[in-house]
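In: Take a look and give me a structure for this.
(one chain, ligands or ions: 3)
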Amino acid sequence: MEEYKQLHFAFTVSTLMICFTVMMFSLLHRRTEKPQNKFFLSMITIIALNCGCEIAVTILAPMSKDSHTLFVITDYMRLIYFLFHNALAPLFFYYVACVCGAISRLNKPQSLFYSSIFLLSELAVALNPLTRWVYTYDSETLEFKRQWAESTIYISGGVYFCLAAMMLMFSWDALTKRRRVALLYFVGITVTGVTIQLFNVVIKTELFSEALSLLGVMISIESEEDRIDAGTGVYNRMALENDLDTYLVNKRVLQLVCIKITNSDVIERSVNMENGETMQSIVAEFLKKHLPRYSIYLASPSAFMLTLFDYTQEETDELTDAISTRFDKPWHFKDTIVLLNVVVMSAELPLRIASSSDALYMADSPVPTNIEKSVLKGGDLDYLLRRAAVEKAIARGIEEHTFEVYYQPTYHIDGTLHGAEALLRLHDSILGHVYPSEFIPVAEHIGMIDELDDFVLKEVCDFLKTGEPSAGGVECINVNLSVLQCMRPGFVERIIDIVNGSGINKRLINFEITESVAAEDYRLLSKTVNALKREGFLFSMDDYGTGYSNIQSVFSLNFDIIKIDKSILWSAEKNELGRIILENTVRMIKQMGRQILVEGVETQAQLDLLKQIGVDYLQGYFFSRPIPKDNFIRLIANNRSPG
Ligand code: C2E
Ligand code: CA
Ligand code: CA
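Out: Ligands and ions are numbered 1, 2, ... in the order given. Okay, here's the model as predicted:
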């Protein structure tokens, strides 16, 4: 028996050490603010307290034979032990509810019912000195014996454990793998420990298993190191996605606020600073002054998100206005003063934002240039919904094959057919016809543009392979390339593979890239252009005159044709200044030895003007709109037939 006691004593002391370790780490990392943290700390504190009682009882019990005072003290120690230990299961239940985000769903009557079971068992324990219904302790033999009412403790614990299990099952999908494993680990270890002690009261495994499982929970759930952005100390994008999914599953109502910094180049310049302080951390510190740390997320390098519970619309507006006003003033960063431009958006979950991906659009989608307000809410955010819808339509289009390549013919200045430009169309089953001006930027943003560009190139190759276009006088077909794609490694090889696969003459393909984006990295781009030109492809510069590029750089790229943007033609028709610009642009390009195509020819007058100035090729609604392949085949057939 003595040996058992020594073993038991050692067990309890180790448990106490585990408890102190867990408490110290929680306090050191200041994981004390959230309700979840508070439930966790309460559990570990109770176990520590229970250890204290156990140790006291183990030491005092042998001496209490001779002293009534000591006997009473040990008896009360046991009472305290039971009273507190009994609260562990309810606390665990509330802890699980927090982790699952279901705490708000618990309604009053339910909570009251569960609490009554708990209170009943507490009452049974509290009255034990009088009734001795729960346990007895013999002052002579020092024997501890369970009595019938001890079952209330197990029933109360069991009820809360079952409730926690049900809650886990309900929220299972919304939990990350890490949380699932941690909670199952807790349940597994605790149940094992409790069961061993239940069947053999001398083997005191209960407290030890509980402390051990809480240590596991601390490492995997409470530590949250995978959820925290190291630079700012606020939650990261993954945490945002997980939390929003949890809130949505539990139908929690909240206001979501997004603070999007639009001059993010400032942010980029500020990263990699020596002392680790970044623009983001300065903004994060400002936000932390207004809101608890656990409701702030860094959703992207240039966007913060806030989750606000129990905020009315007015309170939300007040906060968004206050934030926006702060950004009117400069930020002191290092030795400089920086002005950050922001758009602050707010939307209610789940009313306006029905999925975590919708929420991330707020952070990720560029704000349309026609929106000038700096605080957006309600209907202001409809563009996000449209964008989300377009994104889904693109994925659907690829899956359901509803993308189609149209062809818009191009002509020599004398009116004979030159070729065509391949232009993509999307006939979506839900949105109807979606135009490339809308879906191309979205596809670029979500990284689907290469798939679309490949599709167009394959279609064009297949078409050229039939030999029909060449027979009808088509010299080349123009294919648009996204400049960002051009600079990706492996791009040239991919293009060559596609075209070689079809076995067509590479001079039949004329790639178009736009001037505006080309300004980004000429050296890399010219490598791509030269590599593809060496293979025999032709190249056109698209939309000339719309960007702000350095003319010298533009002409350092080896283009065959420069396509002058329609806006230049249209303003030439409107006023004298426009005409001077067009004439001089044409002259300059000619002097550089490049051919010229003018887009957007819609009227006879424009055609006459262009004939007078003298360009090489024309394209526009005056000749033909972009048309489906079959119509284009008919068009070239007519072109071929004499007369
Ligand atoms: P873009 O390359 O400048 O294409 C010319 C656009 O001008 C086409 O619009 C065409 O329909 C339109 N257009 C042609 N002639 C006239 C005219 O006389 N008057 C007027 N008002 N418009 C005219 P679309 O097809 O809507 O394409 C818009 C943009 O989407 C294209 O501009 C191009 O940048 C992009 N795009 C289209 N297809 C593809 C593609 O397959 N891949 C990539 N990467 N981009 C594409
Ligand atoms: Ca084009
Ligand atoms: Ca163009």
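In: Residue numbers of this protein in contact with ligand 3?
Out: For the chain, the contact set with ligand 3 under C-beta under 5 Å from the ion comprises Asp542, Asp543. All C-beta atoms are positioned from the backbone trio N, CA, C, and that covers glycine.
In: Walk me through which strands the lengthiest strand in the chain pairs with, and which way each runs.
Out: In the chain, taking DSSP state E as the definition, the longest strand is strand 417-428. Paired strands of strand 417-428, with direction, are strand 403-412 (antiparallel), strand 432-434 (antiparallel), strand 476-480 (parallel) (DSSP bridges).
In: hey, C-alpha coordinates of the following helix or strand past the last one in CSV?
Out: Same thing as strand 476-480. Of the helices and strands lying after strand 476-480 in sequence (DSSP states H and E), the nearest is helix 483-486. What follows is helix 483-486 as a C-alpha-only set of coordinates in CSV (Å, rounded to 0.1, in the frame of the first residue of the first chain):
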residue,chain,number,x,y,z
VAL,A,483,2.2,39.3,-71.5
LEU,A,484,2.4,38.1,-68.0
GLN,A,485,2.4,34.5,-69.3
CYS,A,486,5.1,35.3,-71.8
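In: returning to what we had before: out of the strands paired with strand 417-428, which gets nearest to Ser26?
Out: Closest of these to Ser26 is strand 432-434, at 52.1 Å (criterion: C-beta to C-beta).
In: which bits of this structure sit near ligand 2?
Out: Residues of the chain lying near ligand 2 (C-beta under 5 Å from the ion): Asn480, Glu512, Asp542.
In: Which strand or helix spans the last one?
Out: Remark: Asp542 resides in strand 538-544, with elements defined by DSSP H and E.
In: Tell me which residue lies farthest from the centre of the protein.
Out: Distance from the centre of the chain peaks at Asp66, with 68.2 Å (C-alpha atoms, centre = their mean).
In: and the gap between it and ligand 3?
Out: 102 Å (C-beta to the ion, to the nearest Å).
In: ok, now Val554?
Out: Counting by C-beta to the ion, the gap from Val554 to ligand 3 is 15 Å.
In: Look up phi and psi at Leu597.
Out: The phi/psi pair for Leu597 (degrees, to the nearest 10) reads phi -120, psi 140.
In: Then Thr136 would be within a strand, right?
Out: Yes. With DSSP: H, G, I helix; E, B strand; the rest coil as the criterion, Thr136 is assigned to a strand.
In: pLDDT wise, what is it at?
Out: At Thr136, the pLDDT value in this model is 88.
In: Any idea which helix or strand in this protein has the lowest mean pLDDT?
Out: helix 515-518 (a mean of 56; mean pLDDT, DSSP states H and E).
In: which one of the residues of the chain next to ligand 2 has the most neighbours?
Out: Asp542 (27 neighbours; other C-beta atoms under 10 Å).
In: Indicate the residue of the stretch 101-250 of the chain located nearest to ligand 2.
Out: Arg237 (34.8 Å; C-beta to the ion).
In: For the nearest residue to that residue once chain neighbours are set aside, give its distance to ligand 1.
Out: Using C-beta to C-beta, 6 or more residues apart in numbering and skipping the chain neighbours, the partner closest in space to Arg237 is Ala299 (5.3 Å). Per C-beta to the nearest ligand atom, to the nearest Å, Ala299 is found 28 Å from ligand 1.
In: element containing Ala299, please.
Out: strand 296-300.
In: For that strand, which helices and strands make contact with it?
Out: Helices and strands touching strand 296-300, by 3 or more C-beta pairs under 8 Å, 6 or more residues apart in numbering; DSSP states H and E, are helix 237-249, helix 279-290, strand 303-308, helix 356-364.
In: Could you identify the helix or strand that succeeds the least confident helix or strand of the chain?
Out: Per DSSP H and E, the helix or strand that comes after helix 515-518 is helix 522-534.
In: ok, and what's touching that following helix?
Out: 483, 486-487, 491-492, 495-496, 511, 513, 518, 539, 553, 556-559 (C-beta atoms under 8 Å, 6 or more residues apart in numbering).
In: same thing but at 10 Å, please
Out: For helix 522-534, contacts defined as C-beta atoms under 10 Å, 6 or more residues apart in numbering pick out 481, 483, 485-488, 491-493, 495-496, 499, 506, 509, 511, 513, 517-519, 521, 537-539, 541, 549-550, 552-554, 556-560.
In: For the stretch 451-600 of the chain, which segments count as helices?
Out: With DSSP state H, counting those that start in this stretch as the criterion, the stretch 451-600 of the chain has helices at 468-471, 483-486, 491-502, 515-518, 522-534, 551-556, 566-574, 576-591.
In: tell me which residues in the last one are buried?
Out: I take that to be helix 576-591. Buried residues in helix 576-591, counted by 16 or more other C-beta atoms under 10 Å: Gly578, Leu582, Thr585, Val586, Ile589.
In: Over to stretch 414-427?
Out: Buried residues in stretch 414-427 (16+ other C-beta under 10 Å): Leu417, His418, Gly419, Ala420, Glu421, Ala422, Leu423, Leu424, Arg425, Leu426.
In: mind checking how far the residue nearest to the fifth one when sequence neighbours are not counted is from Glu599?
Out: Going back to what we said before, that points to Glu421. Excluding the flanking residues, the one nearest Glu421 by C-beta to C-beta, 6+ apart is Asn478, at 4.1 Å. As judged by C-beta to C-beta, to the nearest Å, Asn478 and Glu599 stand 11 Å apart.
In: Which one's more surrounded, these two?
Out: Counting neighbours by other C-beta under 10 Å for Asn478 and for Glu599 shows that Asn478 has the greater number, 26 against 21.
In: Kindly state the beta-bridge partners for Thr514.
Out: Residues in beta-bridge contact with Thr514 (DSSP bridges): Asp542.
In: quick one: pLDDT of it?
Out: Confidence score, pLDDT, at Thr514: 85.
In: residues contacting it?
Out: Taking C-beta under 10 Å, 6+ apart, one finds 480-483, 541-544, 546-547, 549, 563, 565 in contact with Thr514.
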